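In: Sequence unavailable; structure follows:
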């Protein structure tokens, strides 16, 4: 089973603090204590930067003649970030 992004990020922060990935405290995984920090970062990433939009434009071939548009990428980015944040609630 693939871990959800919130869990992966919380485990990474837990390990960054020097804790083993399977550490527990009071019978629950220690990584769960890092979920609020992960959610704060995810929420901070909700708005794509200009560099992100430009990079997506190079891959998506933004055009004025019926192609994908900047707002499509921005909308999809926000939807993906919202979905990640929802998993952490």
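Out: Looks like it came in fine. Everything quoted here is computed from the prediction, not taken from an experiment.
In: Which neighbouring elements make contact with the lowest-mean-pLDDT helix or strand in the chain?
Out: Taking mean pLDDT, DSSP states H and E as the measure, helix 50-60 is the helix or strand of the chain with the lowest mean score, a mean of 79. In terms of contacts (3 or more C-beta pairs under 8 Å, 6 or more residues apart in numbering; DSSP states H and E), helix 50-60 is packed against helix 70-87. For the C-beta atoms, the positions are set from N, CA and C on the backbone; glycine is no exception.
In: angle of the helix it packs on against helix 50-60?
Out: Relative orientation of helix 70-87 versus helix 50-60 (axes from the mean of the first three to the mean of the last three C-alpha atoms, to 10 degrees): 110 degrees.
In: and helix 70-87, what does it pack onto?
Out: Using 3+ C-beta pairs under 8 Å, 6+ apart: helix 70-87 touches helix 5-16, helix 35-44, helix 50-60.
In: Just name the most buried of these.
Out: helix 5-16 (a mean of 17; mean count of other C-beta atoms under 10 Å).
In: Please tell me how far that helix is from the chain's geometric centre.
Out: Here helix 5-16 is found 12 Å from its chain centre; the criterion is C-alpha atoms, centre = their mean, to the nearest Å.
In: Also stretch 79-88?
Out: The answer for stretch 79-88 is 7 Å, by C-alpha atoms, centre = their mean.
In: list the buried ones in that stretch?
Out: For stretch 79-88, the neighbour count (16 or more other C-beta atoms under 10 Å) marks 81, 84, 85, 88 as buried.
In: residue contacts, the third one?
Out: Translated: residue 85. 39, 42, 43, 46 (C-beta atoms under 8 Å, 6 or more residues apart in numbering).
In: same thing with the first one?
Out: The neighbourhood of residue 81, defined by C-beta under 8 Å, 6+ apart, consists of 42, 43, 45, 46.
In: what's the domain layout of this structure?
Out: 1-44, 48-89 (automatic domain parsing).
In: now do the same end-to-end measure for the shortest one.
Out: Across domain 48-89, the terminal residues are separated by 22 Å (C-alpha to C-alpha, to the nearest Å).
In: Fine by me, we can end here.
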